[in-house]
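# Sequence and predicted structure are below.
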Amino acid sequence: MAFSTKNLSLPLILFMLLAWGDCTVVRISNDIGQGTNLMVHCKSGDDDLGKHVISYGGEWAFTFLNNWRPWGSTTLFYCSFSWGREFRRFDIYNATRDFDCFECKWSITPDGPCTDMFVPDVYRFCYPWD
Ligand SMILES: *[C@@H]1O[C@H](CO)[C@@H](O)[C@H](O)[C@H]1NC(C)=O
């Protein structure tokens, strides 16, 4: 069968446009404290990534396709974190805040999630818990 752009229907072109995106990885590491396991449960509007246990110093990561939209991506992944008797939550990926990160590394500390910034200099920035 011959293939030419004449065969590309409008719905297909729209689909290709909407499916265009970047693969983003979010890495979550346990910096809570020696010997303390961290329980992580992340979700988005469409996905439940399940519960994961990260041992101290360990890491758990997930990847997703960050869809490009002319009006801006609205991808949001929110997580709950628990250790000992503590329970906290944080938006681990918010497209408005994290548009410039394709490998988002988070170090989870008792005081909040920390990430390395590179502008204007490399420094560690810690967010308060939500
Ligand atoms: C995402 O982050 C932006 C900028 O910090 C904030 O204004 C917005 O409310 C956040 N979105 C959600 C759904 O929390």
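That came in fine, so what should we check first? Numbers count the residues shown, from 1 in each chain.

# going forward, measure contacts and count neighbours with C-alpha atoms only.
Fine.

# In this structure, mark out all the helices, start to finish.
Using DSSP state H, the helices found in the chain span residues 10-19, 95-98.

# Lowest average confidence across the ones you listed, which one?
Note on those: helix 10-19 shows the lowest mean pLDDT, a mean of 69.

# Tell me the pLDDT of the nearest residue to V122 once chain neighbours are set aside.
Excluding the flanking residues, the one nearest V122 by C-alpha to C-alpha, 6 or more residues apart in numbering is D116, at 6.6 Å. Looking at D116, its pLDDT is 90.

# For D116, give the beta-bridge partners.
With DSSP bridges applied, D116 shows beta-bridge pairing to R124.

# mind starting the numbering at 13 from now?
Understood, numbering begins at 13; the last thing we discussed is D128.

# Could you check how far it is from D112?
13 Å (C-alpha to C-alpha, to the nearest Å).

# Look at those two and report which has more neighbours.
Counted by other C-alpha atoms under 10 Å, D128 and D112 do not tie: D128 has more neighbours, with 15 against 9.

# I figured the more buried one hits Y139, correct?
No. Applying C-alpha atoms under 8 Å, one finds D128 not in contact with Y139, separated by 11.2 Å.

# residues touching P125, list them.
If you count contacts by C-alpha atoms under 8 Å, 6 or more residues apart in numbering, P125 has them with F102, W118, S119, C138, Y139, P140, W141.

# Now do the first one against L24, distance only.
Remark: distance between F102 and L24 (C-alpha to C-alpha) = 37 Å.

# Can you pick out the residue with more neighbours from those two?
Each of F102 and L24 has its neighbours counted (other C-alpha under 10 Å); F102 has more, 17 against 11.
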